[in-house]
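K.L.:
Structural data only, the sequence is not supplied:
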């Protein structure tokens, strides 16, 4: 077989392999689910037992502690004090993250001022690096409490990279998913008022 014949044969085998792989890929998807490459928008996150501790809707979030950008410890319970709930946005400072933060700042915060807004930075590292990123991206003083999720512990716990988790004043998870105004607004509107939680 000549060099030209071998090259042609190699290209033909490569093309056949690529076509076979592409034909098989939608069947396998990520994790073996047939429609992973064509998401339907349906919530397929694992469900937990309501009232138990966990990251999914109707479960109770643990009272975690993270350092803010100044290095001060912030607990979830402290952030929730006097608030109807908290919006946790898990950011890696990509273009989509900045867009999501912008939407939360412009459209959500003014409509729901009695909610805490926590930005969990899961890529920068410790507090000084988070502070540097917040400053350089121009988000200092924007109403978010930015926290250092060192080791991505809580991002992994909530399965929430570039996502939003809404937690009510009793630490019950009300939403865990994509950052979209049309999804967040009804969840935040349904949070009980602070006055309804006060003990006489």
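P.N.:
Good, I have the coordinates. In this text the structure is predicted, and so the values were computed from the model without any measurement. Residues are numbered from 1 along each chain as shown.

K.L.:
what does stretch 145-160 rub up against?
P.N.:
Here stretch 145-160 makes contact (CB atoms under 8 Å, 6 or more residues apart in numbering) with 45, 55, 61-62, 64, 66-69, 74, 79, 88, 90, 116-122, 124-127, 129-131, 134, 139, 161, 165, 176. The C-beta positions use only the backbone N, C-alpha and C, and glycine is treated the same way.

K.L.:
So which of those residues are in strands?
P.N.:
66-68, 74, 88, 90, 116-121, 165, 176 (DSSP state E).

K.L.:
follow-up on the earlier one: of the contacts of stretch 145-160, just the buried ones, PyMOL syntax please.
P.N.:
Listed next is the PyMOL selection for buried residues among the contacts of stretch 145-160, using 16 or more other CB atoms under 10 Å:
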select buried, resi 55+61+64+66+67+68+69+74+79+88+90+116+117+118+119+120+121+122+124+127+130+131+134+139+165+176
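
K.L.:
Contacts only, for the most centrally placed residue in the chain.
P.N.:
Residue closest to the average C-alpha location in the chain (CA atoms, centre = their mean): residue 163, at 2.1 Å. Shown in contact with residue 163 (CB under 8 Å, 6+ apart): 89-90, 176-179.

K.L.:
before we move on, what about residue 191?
P.N.:
Applying CB under 8 Å, 6+ apart to residue 191 gives the contacts 84-85, 115, 166, 168-169, 174.

K.L.:
Then residue 169?
P.N.:
By CB under 8 Å, 6+ apart, the contact set of residue 169 is 80, 83-85, 191-192, 194, 197.

K.L.:
Just the buried residues from the residues you listed, in PyMOL please.
P.N.:
Per 16+ other CB under 10 Å, the buried members of the contacts of residue 169 correspond to this PyMOL selection:
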select buried, resi 80+83+84+85+191
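
K.L.:
closest to residue 144 among the contacts of residue 169?
P.N.:
Distance to residue 144, by CB to CB, is smallest for residue 83 among the contacts of residue 169, at 13.8 Å.

K.L.:
quick one on the thing from earlier: got TSV for the ones in strands among the contacts of stretch 145-160, with distance to residue 98 and pLDDT too?
P.N.:
Formatted as TSV, the ones in strands among the contacts of stretch 145-160 follow (distance: CB to CB, whole Å; pLDDT from 0 to 100):
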residue	distance to residue 98	pLDDT
66	21	98
67	22	98
68	20	98
74	22	98
88	17	98
90	13	97
116	20	98
117	15	98
118	17	98
119	11	98
120	15	98
121	13	98
165	19	98
176	21	97
